[in-house]
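*Asks:* quick one: sequence and predicted model below, then my questions.
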Amino acid sequence: MSEETYIQQLFADRIGGANYGKGTAIYKFEKIKRAKAAAKKEHPNVELIDMGVGEPDEMADAGIVAKLAEEASKPENRGYADNGIAEFKQAAAEYLKNVFNVEGIDAETEILHSIGSKPALAMLPSCFINPGDVTIMTVPGYPVLGTHTKYLGGEVYNVQLTKENNFLPDLDAIPADIAKRAKLLYLNYPNNPTGASATPEFFEKVVAFAKKNDIVVVHDAPYAALTYDGLKPLSFLSVPGAKEVGVELHSLSKSYNMTGWRIGFVAGNPLVVKAFGDVKDNNDSGQFIAIQKAAAWGLQHPEITEKIAEKYSRRHDMLVAALNEVGFTASKPKGSFFLYVEAPKGIKGGQRFETAEDFSQFLIREKLISTVPWDDAGHFVRFSVTFIANGEEQEKLVIDEIKRRLTDVEFEF
């Protein structure tokens, strides 16, 4: 082992200080990665079915790819994009109107592009959080806004998403002193990992809560256009008063199969958007203009997302039916590509599962089916219908194989 150098003493407290890198705790996704590697080694002739990634299984639409190639060859697109081009902002404003019926968004002052939603979530706390300020987060959930709140000396207050409350946060249960100190409220619908959808009535309640407590709402909406079975895409910004209290983050990663392209936008309150732009100016120099132009073309063709949603809807139907046949209580979500189901307590006459992580590890190591466990509010596992399959016949084969692997044991719930 190499001798410890002075660098070990210099790490910031926010990432562990002098103890950085010495911890033995293993991050959930690292455990999954290790379990997958071990399962493949132990069962080299059995294909691992990966339903844990949550990343689209197909390429971006050919029209978007062609537009990128065309724009990438133009010398005028080679330079810094800084806070974005007008063409993309205009396309984003029209997209909000056409897909979500959001009226009155000013493309110039109320929209800014982001290099995907994750950097936007990382930067927004820098606009608002001072030491001691609070960000209200939902758990289970995507932690980035909370992580950066803590980096800045702020605090995170977690609200559980429970099955009993349809995986919506109970805003009335948030203590008054927390609400008073809070500056940011993070929401994400359709939700990762639960797949739950919000309602206009819930968003109206959020607006009232934010106004009452002087809170900025950050609605993370990467799955907003991926809805099924007659549920129309819903934007927080379509609710009266929403623009007065917050912003919404959109991304082309999930709805357009463009995860690696890193393009999205922040829309809503002009003051919040302006502050985000100022912080962003000190973090990045903008996404490649050709990508912005290709993305603008995509936003003008929402039928691309509708076709993707049809595929996920079909896969959800098949997966829900298969899991219910082997004893789970699975319900098809109205949006997102995630299916969130309660983990069994064990196997009849055999192994017990104290946590969802126990069950997830069993699925990977014994059944070569990869899922993501969540033990934040109950014991659930998340299946993603983004598994690799080319066409309906292959999808059916994958689902049939999952069912086959799960029928040689009897689960107890």
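*Replies:* The structure has been received and is ready for your questions.
*Asks:* what's the mean pLDDT across whichever helix in the chain runs longest?
*Replies:* Looking across the chain with DSSP state H, the single longest helix is helix 303-325. The pLDDT scores in helix 303-325 average 98.
*Asks:* same check on stretch 58-72?
*Replies:* Mean predicted lDDT for stretch 58-72 stands at 98.
*Asks:* quick revisit: which elements pack onto the longest helix of the chain?
*Replies:* Packing contacts for helix 303-325, counted by 3 or more C-beta pairs under 8 Å, 6 or more residues apart in numbering; DSSP states H and E, involve strand 338-342, helix 392-406. Every C-beta, even on glycine, is put in place using the N, C-alpha and C of the backbone.
*Asks:* same thing but 6 Å
*Replies:* Here helix 303-325 touches helix 392-406, going by 3 or more C-beta pairs under 6 Å, 6 or more residues apart in numbering; DSSP states H and E.
*Asks:* adjacent strands (with direction) for the helix or strand just after the helix it packs on?
*Replies:* Once the chain leaves helix 392-406, the next helix or strand it forms, by DSSP states H and E, is strand 411-412. Strand pairing for strand 411-412, determined by DSSP bridges: strand 346-347 (antiparallel).
*Asks:* what lies in contact with the longest helix of the chain?
*Replies:* 61, 225-226, 228, 255, 330, 332, 337, 339, 385, 395, 399, 402-403 (C-beta atoms under 6 Å, 6 or more residues apart in numbering).
*Asks:* repeat the analysis, applying 8 Å as the threshold.
*Replies:* 56, 58, 61, 63-64, 99, 225-229, 255-257, 298, 330-333, 337, 339, 341, 383, 385-387, 389, 392, 395-396, 399-400, 402-403, 406 (C-beta atoms under 8 Å, 6 or more residues apart in numbering).
*Asks:* are any of the residues you listed buried, and which?
*Replies:* 56, 61, 64, 99, 225-228, 255-257, 298, 330, 333, 337, 339, 341, 383, 385-387, 389, 395, 399, 402-403, 406 (16 or more other C-beta atoms under 10 Å).
*Asks:* which of those residues fall in helices?
*Replies:* Per DSSP H, the subset of the buried ones among the contacts of helix 303-325 in helices is 64, 99, 298, 395, 399, 402-403, 406.
*Asks:* for this protein, what spans make up the helices?
*Replies:* Under DSSP H, the chain gives helices at 28-42, 62-72, 86-100, 117-128, 144-151, 176-181, 200-213, 242-245, 270-281, 289-299, 303-325, 356-367, 392-406.
*Asks:* out of the ones you listed, which is closest to G16?
*Replies:* helix 144-151 (12.2 Å; C-beta to C-beta).
*Asks:* average pLDDT across the closest one?
*Replies:* Rounded mean pLDDT across helix 144-151 is 98.
*Asks:* which elements pack onto it?
*Replies:* Against helix 144-151 (3+ C-beta pairs under 8 Å, 6+ apart) you get helix 117-128, strand 134-139, strand 155-160, strand 182-187.
*Asks:* turn these into CSV, including mean pLDDT and distance to Q287.
*Replies:* Output for the helices and strands packed on helix 144-151, formatted as CSV (pLDDT from 0 to 100; distance: least, C-beta to C-beta, whole Å):
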stretch, mean pLDDT, distance to Q287
helix 117-128, 98, 10
strand 134-139, 98, 26
strand 155-160, 98, 29
strand 182-187, 98, 23
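*Asks:* chain neighbours aside, what residue packs nearest to A18?
*Replies:* Q9 (5.2 Å; C-beta to C-beta, 6 or more residues apart in numbering).
*Asks:* oh sorry, the question was meant for I49
*Replies:* Per C-beta to C-beta, 6+ apart, closest to I49 is I369, 5.0 Å.
*Asks:* now I347
*Replies:* Per C-beta to C-beta, 6+ apart, closest to I347 is V409, 5.0 Å.
*Asks:* for T147, same thing?
*Replies:* That would be A122: by C-beta to C-beta, 6+ apart, it lies 7.8 Å from T147.
*Asks:* try R181
*Replies:* V134 (4.6 Å).
*Asks:* number of nearby residues for the one you found?
*Replies:* For V134, the neighbour count with other C-beta atoms under 10 Å is 22.
*Asks:* could you do the one 4 residues further on as well?
*Replies:* The number of residues packed around T138, counting by other C-beta under 10 Å, is 23.
*Asks:* and it, how far is that from H379?
*Replies:* Distance, T138 to H379, by C-beta to C-beta, to the nearest Å: 17 Å.
*Asks:* with F411 instead?
*Replies:* 13 Å.
*Asks:* what does V320 give?
*Replies:* 19 Å.
*Asks:* which phi and psi does D214 have?
*Replies:* phi 60, psi 60 (degrees, to the nearest 10).
*Asks:* so for V53, what's the pLDDT?
*Replies:* pLDDT for V53: 83.
*Asks:* please read the previous query as pertaining to A25.
*Replies:* pLDDT, A25: 81.
*Asks:* returning to that earlier point: wait, isn't the residue nearest to T147 in contact with V144?
*Replies:* Yes - with contact defined as C-beta atoms under 8 Å, A122 reaches V144; the gap is 5.6 Å.
*Asks:* tell me the mean pLDDT over stretch 344-357?
*Replies:* Mean predicted confidence for stretch 344-357 is 95.
*Asks:* give the buried residues for that stretch.
*Replies:* 344, 346-347, 353, 356-357.
*Asks:* please apply the same query to stretch 402-413.
*Replies:* 402-403, 405-406, 409, 411.
*Asks:* list the contacts of it.
*Replies:* 49, 51, 319, 322-323, 325-329, 342, 344-348, 350, 367-369.
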